[in-house]
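Asker: I need the structure of the sequence given here:
(one chain, ligands or ions: 2)
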Amino acid sequence: MSECGCETVTEPAMKPLEEALELLLSHARTVSGTEVVPLAEANGRVLAESVVSRINMPPWDNSAMDGYAVNSADISAPGTGLRISQRIPAGAAPQPLEPGTAARIFTGAPVPEQADSVVIQEVCRQEGEQVVIDEVPQPGANIRRAGEDTRVGQAVLEAGTRLGAQHLGLAASVGVGELTVYRRLKVALFSSGDELINPGQPLGPGQIYNSNEYTLQALLQSLGCELVSLGIVADTFDATCDALARAAAQADLVMTSGGVSVGEEDHLKPAVEKLGSLDLWKIAIRPGKPLAFGHIEGTPFIGTPGNPVSLFVTFCLFARPFILKSQGVGESQLVPTPVPARADFDWPKAEKRREFARARLQLDGEGLGRVSLYSSRSSGVLNSLTWANGLAILPEGQTLARGDTVRFIPFSELLK
Ligand code: AMP
Ligand code: MG
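Answerer: Residues are numbered from 1 along each chain as shown. Ligands and ions are numbered 1, 2, ... in the order given. Predicted coordinates for the structure are as follows:
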């Protein structure tokens, strides 16, 4: 059955998700061109060259605690008193420890030569010029060793990493102030449909607001793409061809919403076929069965369905990994790992297509994750996406009962 409900004998079989994704990814080419950006502008970008540390981290032995640096051999029993011979705050360059003395030391400060241990201040009493130490220290205690975290020559960040706070912090910690990243992927997009009008204007007869444009823009922005919007394109063959040609001429990827089914008002299929090549797929998932992929004069094209939820789901499952790979992201980071949780619902009827159900993960009274489903399965209801915090994967050909394990992909993994 096609999305319009009409059976056609010649309709190709639905592709399993894995097969469709593999095919799509096999066409993803990493953008050529890199740029060097300061760390402060690198958040969300994709690293094009690995970062190798030129320093040890920490650069020198330093104290993990506030306390007293000592030579442990000087303290044979609790209650030993030692003269305080120097004070070493963070940022100081200490003298070697005088034999038979202690140095007042603070977290992050260099441990002086001849000291082999830091005694935490909680087990020490300062009495005038002396410190009385109430615990026998272990050699090496409370000292962070030079090179313990990172060694000179170690690759701390691999090319293909999508940079986030932790990566930028690590680069900064080894003294790297600029990173070589891939240039942003330029995506041209438009929404096809005569019924569409942009928000902010009064709604005429037969019209609906163009929500997909905004959903799609935000999804693409989250992935760091540069956008060119061609707006709303009329449901005619000529207008569709014209928009596709303009889009392909100025972008690395063309993305559209709507018009990818095979009804008389769906012009994307013939238009892409005229201008280039098209693989129109029927994928064995729900929502989002029709997804168009092809090329227009060498520029890849992804046409998502017009139904707002179908657009969202197909974007997350297909366009997102394609875009990440095109931006140079490593294979292991393209698709999120679903988490297991308990179904808080029954799924009594086995379906032919794998369902990506709008779902909400919450903790139950025992602290275990429970997944509930939105009340409607209609792919037009955008409220379902604001209600949900992820997608539950309901396998094809299977039923589920309350309490069964179900896999769940949090939106936090899909929308970053
Ligand atoms: P289509 O894929 O063009 O057949 O559209 C499927 C459904 O999605 C129809 O109900 C359309 O009105 C709706 N739709 C298509 N494009 C958009 C859009 N940009 N924003 C909101 N709804 C849309
Ligand atoms: Mg349409």
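
Asker: Asp346 and Arg370: what is the separation?
Answerer: 13 Å (Cβ to Cβ, to the nearest Å). C-beta coordinates here come from the backbone N, C-alpha and C atoms, glycine included.

Asker: more neighbours, these two?
Answerer: Arg370 (20 against 13; other Cβ atoms under 10 Å).

Asker: wait, a strand at the more buried one?
Answerer: Yes: according to DSSP: H, G, I helix; E, B strand; the rest coil, Arg370 belongs to a strand.

Asker: check what pLDDT it gets.
Answerer: pLDDT, Arg370: 98.

Asker: thought it was touching Gln362?
Answerer: Yes: applying Cβ atoms under 8 Å as the test, Arg370 and Gln362 come out as touching, 5.8 Å apart.

Asker: give me the pLDDT for the residue nearest to Leu268 when sequence neighbours are not counted.
Answerer: Leaving aside its chain neighbours, Leu268 sits nearest to Gly259 (4.5 Å; criterion: Cβ to Cβ, 6 or more residues apart in numbering). pLDDT for Gly259: 92.

Asker: for Phe345, helix, strand, or coil?
Answerer: Assignment for Phe345 (three-state DSSP): coil.

Asker: alpha carbons of stretch 377-390, as CSV, please.
Answerer: Presented in CSV, the C-alpha positions along stretch 377-390 are these (Å, rounded to 0.1, in the frame of the first residue of the first chain):
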residue,chain,number,x,y,z
ARG,A,377,-0.3,7.6,16.2
SER,A,378,-1.2,10.2,13.6
SER,A,379,1.8,11.6,11.9
GLY,A,380,0.3,15.1,11.7
VAL,A,381,0.1,15.8,15.4
LEU,A,382,3.0,18.0,16.4
ASN,A,383,1.8,18.2,20.0
SER,A,384,3.0,14.6,20.3
LEU,A,385,6.6,15.8,19.7
THR,A,386,6.4,18.4,22.4
TRP,A,387,4.8,15.9,24.8
ALA,A,388,7.4,13.2,24.1
ASN,A,389,11.1,13.2,25.2
GLY,A,390,12.2,10.6,22.7
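
Asker: now it: mean pLDDT?
Answerer: For stretch 377-390, the mean per-residue pLDDT is 95.

Asker: would you list every one of the strands in the stretch 101-250 of the chain?
Answerer: Counting by DSSP state E, counting those that start in this stretch, one finds strands in the stretch 101-250 of the chain at the ranges 101-105, 117-120, 124-127, 130-133, 143-144, 155-157, 178-182, 186-192, 196-197, 208-209, 226-233.

Asker: so what's Leu220 up against?
Answerer: Residues near Leu220 by Cβ atoms under 8 Å, 6 or more residues apart in numbering: Val187, Leu189, Leu227, Met255, Ile323.

Asker: ignore what I typed, I meant Pro300.
Answerer: Contacts of Pro300 by Cβ under 8 Å, 6+ apart are His27, Ala28, Asp252, Leu253, Val254, Phe293, Gly294, Phe322, Ser326.

Asker: who's the fourth one bridged to?
Answerer: When you say that, I think you mean Leu253. Val187 (DSSP bridges).

Asker: quick one: the residue nearest to Leu268 from Ser191, how far?
Answerer: Distance, Gly259 to Ser191, using Cβ to Cβ: 9 Å.

Asker: packing partners of the longest helix that the chain contains?
Answerer: Longest helix of the chain, by residue count under DSSP state H: helix 237-250. Judged by 3 or more Cβ pairs under 8 Å, 6 or more residues apart in numbering; DSSP states H and E, the packing partners of helix 237-250 are strand 186-192, strand 226-233, strand 253-257, helix 268-275, strand 290-296, strand 299-304.

Asker: so which of these is nearest ligand 2?
Answerer: strand 186-192 (5.9 Å; Cβ to the ion).

Asker: so which of the contacts of Leu220 comes closest to ligand 1?
Answerer: Leu189 (10.4 Å; Cβ to the nearest ligand atom).
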